[in-house]
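Asker: here is a sequence together with a model predicted from it:
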Amino acid sequence: MKRAIWNGAVLAESDDIVMVEGNAYFPESALNKQYFKPSATHTTCGWKGVASYYTVEVAGQSNPDAAWYYPTPNDAAKQIAGRVAFWKGVRVE
C-alpha cells in the first residue's frame, strides 16, 4: 500500500499504483478529494500529452500544482489515464 502525504495529511492511498518515470500514479478514486483544488496550469510532455494540475490545500496551507494528471493521455501513456501523481514536497511512501 502506497500513500501520498503532505503537511501531515494522507492525500491518496492505494495498492494499485502505476510507476512511470519514477513517479507513482494513484487511481483518481484513491484521492482524498477535500485536499484538491483545480489549477489553471497545463504543461505538455512529448510522449504523454497535456497535463493538468491540482493545488493541494491542507490545514490552511497551499501547495500550488503539487499533483498532476493527464485527462486524455497519448496512446503511449494510456496506462496513466485516470491517475494522479505528486511532487513539490509530497512524500510517496
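Answerer: Nice, I can see it. None of these values were measured; they are calculated from a predicted model.
Asker: contacts and neighbour counts: CA atoms only from here.
Answerer: Fine.
Asker: near Ala67, how many other residues are there?
Answerer: Neighbour count of Ala67, defined by other CA atoms under 10 Å: 23.
Asker: OK, contacts around it?
Answerer: By CA atoms under 8 Å, 6 or more residues apart in numbering, the contact set of Ala67 is Tyr53, Tyr54, Thr55, Val56, Val84, Ala85, Phe86, Trp87.
Asker: so the fifth one versus Gly60, what's the distance?
Answerer: When distance is defined by CA to CA, to the nearest Å, Val84 is 22 Å away from Gly60.
Asker: comparing the two, which residue is more hemmed in?
Answerer: The neighbour comparison of Val84 against Gly60 (other CA under 10 Å) goes to Val84, with 26 against 5.
Asker: now do the SS call for the more buried one.
Answerer: The three-state assignment at Val84 reads strand, by DSSP: H, G, I helix; E, B strand; the rest coil.
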